[in-house]
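# Okay, sequence plus prediction incoming.
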Amino acid sequence: MEGWSFLTNHGRVLLCIADDPGVRLRDIAARVGITERSAFGIVSDLAAAGYAVKQKDGRRNRYQIQAHLPLPEPTSHQLAIGEVLALLSDASVGTQLTGGSQPEASSPPMPTTESGGSGA
């Protein structure tokens, strides 16, 4: 189905960052099918909302996803962004996410990683 996507560009950019915390804006743009300027705007949105943290790593940026934060949708506050990313991506992506507070005992533990990089 052309012109329609299950995930928003924000969600797709977040998946790119989760897959590769050192991903460049031009690579995000190419993978998502948007301009570099749009990729920059989306990464800035994600950083401003606290979903990704950007840190300088030499001449490049590294991103760290804040997996413990809830989804922004009003009906989905019980889900953390890391839970959704884990469902939509490879299991290896879970090692790139930061946890924050631990989930309740009834929920499976969220994977956490302290990467020496930065966020979006």
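Looks like it arrived, so ask away. Numbering: from 1, shown residues only.
# What residues sit buried inside the strand or helix carrying Ala86?
Per DSSP states H and E: Ala86 is located in helix 81-88. Within helix 81-88, the residues that qualify as buried are Ile81, Gly82, Glu83, Val84, Leu85, Ala86, counting by 16 or more other CB atoms under 10 Å. Where you see a C-beta, it was placed from the backbone N, CA and C, and this is true even at glycine.
# again, but for stretch 45-61
Across stretch 45-61, burial judged by 16+ other CB under 10 Å covers Leu46, Ala47, Tyr51, Ala52, Val53, Lys54, Asn61.
# just to revisit the earlier point, Arg12: which of the buried residues of helix 81-88 is nearest?
Distance to Arg12, by CB to CB, is smallest for Leu85 among these, at 11.3 Å.
# tally of neighbours for Gln66?
For Gln66, the neighbour count with other CB atoms under 10 Å is 20.
# isn't it right next to Ala80, touching?
No: applying CB atoms under 8 Å as the test, Gln66 and Ala80 come out as separate, 9.2 Å apart.
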